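> Sequence first, predicted coordinates after that:
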Amino acid sequence: MPVSENLVCLLWSGCGDVTVAEGSGSFEGFSAAATGPAHHQPCLSLVSLLLAHSTTGGHMKIFDPPEELERKVCELADLIRSSSNVVFHTGAGISTASGIPDFRGPNGVWTMEEKGLSPKFDTTFENAKPSKTHMALLGLQRVGILKFLVSQNVDGLHVRSGFPRDKLAELHGNMFVEECMKCGKQYVRDAVVGSMGLKPTGRLCSVTKARGLRACRGKLRDTILDWEDSLPDRDLTLADEACRKADLSVTLGTSLQIKPSGNLPLITKKRGGKLVIVNLQATKHDRQADLRIHAYVDDVMTKLMKHLGLEVPEWTGPVVVESADSAKPEQLYTFKPEVHGLLKEEPFSQHNGTAGQCPDLGTTLVEHHDSLKQECPSLDTGPPLTKKMKVEPLLT
């Protein structure tokens, strides 16, 4: 897939400086001079990754009149009430309210590039807060309405909002997650991991199968896809299964341009289900939609929650929830750098103050067990029990 010839954006962890550098059509061998403080680790943002190509059209925003918007949201609420298995699909448009630019909007990445301008970030990824839409989706999941969530975003806001990871497919990766190349264990960090393209991060896996045994020591890599990378098996499989079981797919803030991510909602439609598209611009699947809503996704989701008689949960800080219905408490770990670069795990319950925290590695991980064969989540009968874990701030 072709990559934009002129745009590679580097968002510097901890400062928010954005540098636009000329590229050769590929991320391979890309290098750029650091413009941020020397101790900041650069993180390739997905401004040039989430879309396979840019277009000159489709940037104009479309807004439904207030009366029509109210009618459409009411219709969406009725569709949800009459559905037994609802799947939501999210794109970059749901994170603009969090200070992260989208791609095809008037101030989006591709639009700004065509004007010869740099995209503007209002925050760093670490400081970005989940939007009303992120939190509304969490609320719908908690009451059993939303059965599964498929996202093209890599900003980590779904996970940091507390959305259960076993009901979430992050098709393009998560910039806060590292994965062991040997055993598959995933580490959820409180800072961006600093690389992309499934590249080694320079850290090692510290998982042990039993007390006294040697640690895995497998190399950790980021989970962010590069242009030539295939979608992760687990996430794509779960997303496909969820779309096949769904009788209603709702897309939020995505132009549905990328394949195969953008085509997943059509699986529901082709199997007799309904398709709703919520976006400020036209999408490639508009003709397939049973309902199209043109408005800010935060406005739509806030109104939808009111129609359903639900409240949007308040965000109180980053949390990680591994399973929506797990009765077994998860372990939270802090890091200690040891000899030969091996990381030593300590149960969070033993952690005292700031001793043993390493500012270069981040301070938090949550184990994500291998679940490539995991079945699509089943129908909920009520608000699920969750084990929440606070993510500690990164020391600098």
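Sure thing, it's come through.
> residue ranges of the helices in the protein, please?
Using DSSP state H, the helices assigned to the chain run over residues 66-81, 109-114, 132-142, 157-160, 233-245, 264-270, 297-307.
> I'd like to know which of those helices is closest to M175.
If you check each of the helices of the chain against M175 by CB to CB, helix 157-160 wins as the nearest, at 10.5 Å. From N, CA and C alone the C-beta is placed, and that goes for glycine too.
> Quick one: list the elements packing against that closest one.
For helix 157-160, the helices and strands in contact under the criterion 3 or more CB pairs under 8 Å, 6 or more residues apart in numbering; DSSP states H and E are helix 132-142, strand 168-170.
> who touches that helix?
By CB atoms under 8 Å, 6 or more residues apart in numbering, the surrounding residues in contact with helix 157-160 are 90, 95, 98, 128-131, 134, 137, 149, 151, 165, 168, 170, 174, 176-177, 188, 318-320, 391.
> Roughly how far does D247 sit from T223?
Between D247 and T223 the distance is 31 Å, computed by CB to CB, to the nearest Å.
> for A324, phi and psi?
When quoted as degrees, to the nearest 10, the phi and psi of A324 stand at phi -70, psi -20.
> rewinding a little: out of D247 and T223, which sits in the more crowded spot?
Neighbour totals were compared for D247 and T223, and T223 leads with 23 against 17 (other CB atoms under 10 Å).
> Would you check how far apart the closest residue to the more buried one other than its chain neighbours and L146 are?
If you skip the residues right next to it in sequence, T223 has G173 as its closest partner in space, 3.8 Å away by CB to CB, 6 or more residues apart in numbering. As defined by CB to CB, G173 lies at a distance of 22 Å from L146.
> Ok, D290 next?
With the distance defined as CB to CB, D290 ends up 18 Å from L146.
> Out of those two, name the residue with the larger neighbour count.
When D290 and L146 are compared for neighbours, L146 comes out ahead with 22 against 15, by other CB under 10 Å.
> give the contact list for the more buried one.
With contact taken as CB under 8 Å, 6+ apart, L146 is in contact with V86, V87, F88, L137, L140, K167.
> Tell me what the residue lying closest to L238 once chain neighbours are set aside is bridged to.
Closest residue in space to L238, ignoring its immediate chain neighbours: A169 at 5.0 Å, by CB to CB, 6+ apart. The residues paired with A169 through beta bridges, assigned by DSSP bridges, are V150.
> Over to S161?
Each beta-bridge partner of S161 is listed here, defined by DSSP bridges: V319.
> Give me the pLDDT for it.
Among the per-residue scores, S161 shows a pLDDT of 95.
> any idea how far C205 is from it?
Distance, S161 to C205, using CB to CB: 27 Å.
> In the stretch 251-396 of the chain, what residue spans correspond to strands?
Using DSSP state E, counting those that start in this stretch, the strands of the stretch 251-396 of the chain run over residues 274-278, 291-293, 332-337, 343-347, 365-366.
> low pLDDT regions in the stretch 201-350 of the chain?
When residues are selected by pLDDT under 70, those of the stretch 201-350 of the chain lie in 210, 326-350.
> Output the below-cut-off pLDDT ranges for the stretch 1-150 of the chain.
Along the stretch 1-150 of the chain, the model assigns pLDDT under 70 to residues 1-59, 101-122.
> got the contact list for the closest residue to S195 other than its chain neighbours?
What sits nearest to S195 in space, not counting adjacent residues and going by CB to CB, 6+ apart, is D222, at 4.7 Å. By CB under 8 Å, 6+ apart, D222 lies in contact with 173, 175, 177-179, 193-199, 201.
> Let's see that with 6 Å instead.
With contacts defined as CB atoms under 6 Å, 6 or more residues apart in numbering, the neighbours of D222 are V193, S195, M196, T201.
> Now render the residues you listed as TSV, adding distance to D325 and neighbour count.
Formatted as TSV, the contacts of D222 follow (distance: CB to CB, whole Å; neighbours: other CB atoms under 10 Å):
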residue	distance to D325	neighbour count
V193	28	28
S195	33	20
M196	32	24
T201	31	18
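> Of the residues you listed, which belong to strands?
T201 (DSSP state E).
> of the contacts of D222, closest to S230?
Comparing the contacts of D222 against S230 with CB to CB places M196 closest, at 15.1 Å.
> The closest one reaches L225, doesn't it?
No. Contact criterion CB atoms under 6 Å: M196 and L225 do not qualify, at 8.0 Å.
> list the contacts for M60?
M60 neighbours (CB under 6 Å, 6+ apart): none.
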